[in-house]
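1. missing the sequence, but the structure's below:
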């Protein structure tokens, strides 16, 4: 039961981010963590050092996220397909292909194992 109690803010964060945006989800995580610590303090239970650390991290970094409201992360996600990544993948592919050819593999496809164990020839 303690495990579920510890994951309460994380679960609410993931539910909120599916329904709303990152800012609402961050606010939900902050409120849930503060409520979690408040619940333990009202019941006069021990608040573990890990929970205090989680509270501090979530409030500080979550608060900064809400304060700054920077959309850079969302904009960067759009550049995954349009930025330099396709060029980087092509360079890595060419590097690996060249390494195989220098090692003596003339036809790389023939040297690769068949996924189903059946030959395509």
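-> Looks like it came in fine. Bear in mind that the values here come from a model prediction, so they are computed numbers and not experimental data.

2. can you list the domains in the chain?
-> Following automatic domain parsing, one finds the domains of the chain at 2-75, 80-111.

3. Would you mind finding the most buried of those domains?
-> With neighbours defined by mean count of other C-beta atoms under 10 Å, none of the domains of the chain is more surrounded on average than domain 2-75, at a mean of 13. Bear in mind the C-beta positions are built from the backbone N, C-alpha and C, glycine included.

4. from the chain's centre, how far out does that one sit?
-> Averaged C-alpha coordinates place domain 2-75 at 16 Å from its chain's average position (C-alpha atoms, centre = their mean, to the nearest Å).

5. which residue packs closest to the residue nearest the centre of the chain, ignoring adjacent ones?
-> Among the residues of the chain, the one closest to the centroid is residue 14, at 11.3 Å (C-alpha atoms, centre = their mean). The shortest distance from residue 14 to any residue other than its chain neighbours is 7.7 Å, reached at residue 25 (C-beta to C-beta, 6 or more residues apart in numbering).

6. any idea of the mean pLDDT in the helix or strand encompassing the one you found?
-> Assigned by DSSP states H and E, residue 25 belongs to helix 22-42. Computed over helix 22-42, the mean pLDDT rounds to 91.

7. who does that helix touch, helix- and strand-wise?
-> If contacts are counted by 3 or more C-beta pairs under 8 Å, 6 or more residues apart in numbering; DSSP states H and E, helix 22-42 sits against helix 8-19, helix 49-68.

8. Take those helices and write them to JSON lines, including mean pLDDT and distance to residue 105.
-> Formatted as JSON lines, the helices and strands packed on helix 22-42 follow (pLDDT from 0 to 100; distance: least, C-beta to C-beta, whole Å):
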{"stretch": "helix 8-19", "mean pLDDT": "87", "distance to residue 105": "45"}
{"stretch": "helix 49-68", "mean pLDDT": "86", "distance to residue 105": "48"}
